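Undergrad: model the following, please.
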Amino acid sequence: MIIAVDGPAASGKGTIARALAKHYGLPHLDTGLLYRAVGVGVMRAGGDPDNEADALAACGFDITLLDDPALRSEDAGPLASRVSRHHEVRAALFERQRAFALQPGGAVLDGRDIGTVIAPDADAKLFVTAGTKVRARRRHDELLGKGEDVSLDVIEADLVARDLRDSQRAEAPLKQADDADLLDTSNLSIGAAVQCAISLVDARLNDR
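TA: Below is the predicted model:
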């Protein structure tokens, strides 16, 4: 069983994907971490995230890099968005994601193009979203909890810019798959959002 969870940053897709993985007993992959790993790798090498050759050179990272706390920093998000625009980078990371999805028993993957590109044959697809201001407040609260002092206005502006880059890139843009269920978490608690997600997935599975 493959479950695809897509959506913009801070929509709650990661939290929901992890909860779904636990509920159904499946492995989970936050595919955004792969792009964050590339972005962080480029910067550490002194390269340019907007240069395809520099970004491609960082794609051979060891899987242990995904445990690096730097990948979950606020700076890593925009870097991931920038390197993800490159065709060669997406091609290099495609096989890693596809192999994870096709492992025996299935998996839960979250990202921006899981239901449209990585696993278009997924058994259930969710597109998780929320209002920009709601997402900005969530990210702001998360960063404050980590001791990072970042302006709410700066975070909101960054989310708007990332949404624009991700939705308008030529290859694998952020969009809802035609057969994905929309889940707006703007006015939902974490628990309510997770329960709604489980109900949507169960309904898809029962329809098979």
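Undergrad: hey, where'd the helices end up in this protein?
TA: For the chain, helices defined by DSSP state H occupy the ranges 13-24, 32-44, 52-57, 76-83, 87-101, 132-145, 152-168, 190-206.
Undergrad: next, format those helices as CSV and append distance to residue 109, mean pLDDT and mean neighbour count.
TA: Using the backbone N, CA and C atoms, a C-beta is placed for each residue, glycine as well. As requested, the helices of the chain are arranged in CSV below (distance: least, CB to CB, whole Å; pLDDT from 0 to 100; neighbours: other CB atoms under 10 Å):
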stretch, distance to residue 109, mean pLDDT, mean neighbour count
helix 13-24, 7, 98, 20
helix 32-44, 10, 96, 23
helix 52-57, 21, 97, 17
helix 76-83, 15, 93, 23
helix 87-101, 6, 95, 16
helix 132-145, 20, 94, 16
helix 152-168, 16, 93, 15
helix 190-206, 13, 97, 16
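Undergrad: of all these, which lies closest to residue 177?
TA: helix 190-206 (12.1 Å; CB to CB).
Undergrad: for that closest one, packing partners?
TA: Applying 3 or more CB pairs under 8 Å, 6 or more residues apart in numbering; DSSP states H and E, one finds that helix 190-206 contacts helix 13-24, strand 124-129, strand 181-184.
Undergrad: now the ones you listed in TSV, with distance to residue 103?
TA: TSV is the format used below for those (distance: least, CB to CB, whole Å):
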stretch	distance to residue 103
helix 13-24	13
strand 124-129	17
strand 181-184	24
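Undergrad: wait, residue 6 touches residue 124, no?
TA: No: the criterion here is CB atoms under 8 Å, and residue 6 misses it with residue 124 at 11.8 Å.
Undergrad: neighbour-wise, which of the two wins?
TA: residue 6 (28 against 25; other CB atoms under 10 Å).
Undergrad: and the more buried one, bridged to which residues?
TA: Applying DSSP bridges to residue 6 yields these beta-bridge partners: residue 111, residue 127.
Undergrad: begin at 601 from here
TA: All right, first residue 601 from here; so that's residue 606.
Undergrad: please name the residues that touch it.
TA: When contacts are counted by CB atoms under 8 Å, 6 or more residues apart in numbering, residue 606 touches 613, 710-716, 725-728, 774, 776-777, 780.
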